[in-house]
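**Q** whatever this is, show me its structure:
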Amino acid sequence: MATKTRKSNPIKVDLVNSTITVYKTFYAKACIFGSDEYRLLKKVLNENPGTDWKIEIKQQKKNANRKSYKNLSMERMENYIILKDGENSPNHREFKQVKKASSIHSSPFTAVRKWFTETYEDYNDFKAVLGIAETPELDENGKPNLEIMENKESVQKKGSATK
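**A** Here you go, the predicted structure:
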């Protein structure tokens, strides 16, 4: 027997305790007069007249192990590769090839992101990857200014070598 998904069965009715349990997103839609969710909730309430229903709103469970690539874009992926490996690196050339080849996919960005996240598993930990202890200073275009960071690192290395 196939189990019903939350989408096809968004309401849980407990007749013993007179409670209706719905997810927060469903409840938000049910508050809009005339919506499908409104009509469905109204139908449940009308099927059991005289019952004092209590509506429980349930939060959707978050997957703590899910990796987030919020704000990841083609431009940011390319900037990261240039920053980490250099503009003429094999990975940068491969990125351009993957980007070009992804145009035949139904979701080109997803194809490129998959390659990028497999190649750069440590993307979210950029400070450790680049060996910097502070956030890089940005130039007038909002890109990391490598010259300032390199100068600071060389000064730090000289200072530690004299000690």
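**Q** helix, strand or coil for Ile32?
**A** coil (DSSP: H, G, I helix; E, B strand; the rest coil).
**Q** ok, now Ile55?
**A** For Ile55, the secondary-structure state derived from three-state DSSP is strand.
**Q** residue contacts, the closest residue to it other than its chain neighbours?
**A** Spatial nearest neighbour of Ile55, chain neighbours left out: Ile20 (5.0 Å); criterion: C-beta to C-beta, 6 or more residues apart in numbering. Where you see a C-beta, it was placed from the backbone N, CA and C, and this is true even at glycine. With contacts taken as C-beta atoms under 8 Å, 6 or more residues apart in numbering, Ile20 has the following neighbours: 11-14, 41, 44-45, 53-56.
**Q** list the backbone torsions phi and psi for Ile20.
**A** Torsion angles at Ile20 (phi, psi; degrees, to the nearest 10) stand at phi -120, psi 120.
**Q** picking up where we left off before, most neighbours, which of the contacts of Ile20?
**A** Per-residue neighbour counts (other C-beta atoms under 10 Å) across the contacts of Ile20 peak at Leu41, which has 22 neighbours.
**Q** where along the protein do the strands fall?
**A** Taking DSSP state E as the test, the strands found in the chain are 12-14, 19-23, 54-58.
**Q** roughly how far does the residue nearest to Ile55 sit from Ile57?
**A** According to C-beta to C-beta, to the nearest Å, Ile20 stands 10 Å off from Ile57.
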